[in-house]
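[1] sequence first, predicted model second:
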Amino acid sequence: MKIEYEPEVDVLTIYLQDPETPLSHSSEIEPGVILNYAEDSSLSSVEILDASKRYPSGQLAASSVDEFIDLKMASKLASIAPVTLRTQAEKGKLWALRLGGQWVTTRERLQQYIDSRARKARI
């Protein structure tokens, strides 16, 4: 999965397949949210128009970096229960985005969260 934010057009694109995958059709599931389908009818990408109206600018600026991992994978990497990570994401203590029904973060942001927990434990 790859996520790119293009500030000049204010579009957040979530690629579920290779960004070069040929598309067969698209559908707007709600105003400003477009699903793009590959030639085999699988979901290839999601485009969110006017993204700055939906997400804080800090999230958008950071969204074009690492590949995203779901909280189940993050849980395995950090040895922290997925429900704990989700709660921390909801509280804004772990940087994460909710894509569809799934929370995702990056390895870099997960490490920052782990480091912040270690600092608090030492204080």
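    Done, it's in.

[2] looking at the chain, which helix or strand is least sure?
    Using mean pLDDT, DSSP states H and E, helix 57-62 stands out as the lowest-scoring helix or strand of the chain, at a mean of 69.

[3] can you name the next helix or strand after it?
    strand 68-70 (DSSP states H and E).

[4] give me the distance from that following strand to the chain's centre.
    7 Å (Cα atoms, centre = their mean, to the nearest Å).

[5] what about that strand, average pLDDT?
    For strand 68-70, the mean pLDDT works out to 84.

[6] ok, stretch 3-15 next?
    88.

[7] for stretch 95-112, same thing?
    Mean predicted confidence for stretch 95-112 is 86.

[8] need the contact partners of it.
    Contact with stretch 95-112 is made by 1, 3, 14, 46, 55, 59, 62-63, 65-71, 74, 77-78, 85-86, 89, 94, 113, as judged by Cβ atoms under 8 Å, 6 or more residues apart in numbering. Yep, even glycine has a C-beta here, placed from its N, CA and C like the rest.

[9] ok, stretch 35-52 next?
    In contact with stretch 35-52 (Cβ under 8 Å, 6+ apart) are residues 5, 7, 10-17, 19, 21-29, 32-34, 54, 60, 99.

[10] so which of the residues you listed belong to helices?
    L60 (DSSP state H).

[11] drop anything exposed from the contacts of stretch 35-52.
    By neighbour count, with 16 or more other Cβ atoms under 10 Å, the contacts of stretch 35-52 hold 5, 10-17, 21, 34, 60, 99 as buried.

[12] make CSV from those and add distance to A118 to it.
    Formatted as CSV, the entries for these read as follows, by distance: Cβ to Cβ, whole Å:
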residue, distance to A118
Y5, 30
D10, 37
V11, 37
L12, 31
T13, 34
I14, 31
Y15, 33
L16, 34
Q17, 37
T21, 40
I34, 41
L60, 28
L99, 28
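
[13] for Q102, list each beta-bridge partner.
    L99 (DSSP bridges).

[14] what about it, neighbour count?
    12 (other Cβ atoms under 10 Å).

[15] let's have the chain start at 53 instead
    Got it, first residue is 53 now, which makes that one Q154.
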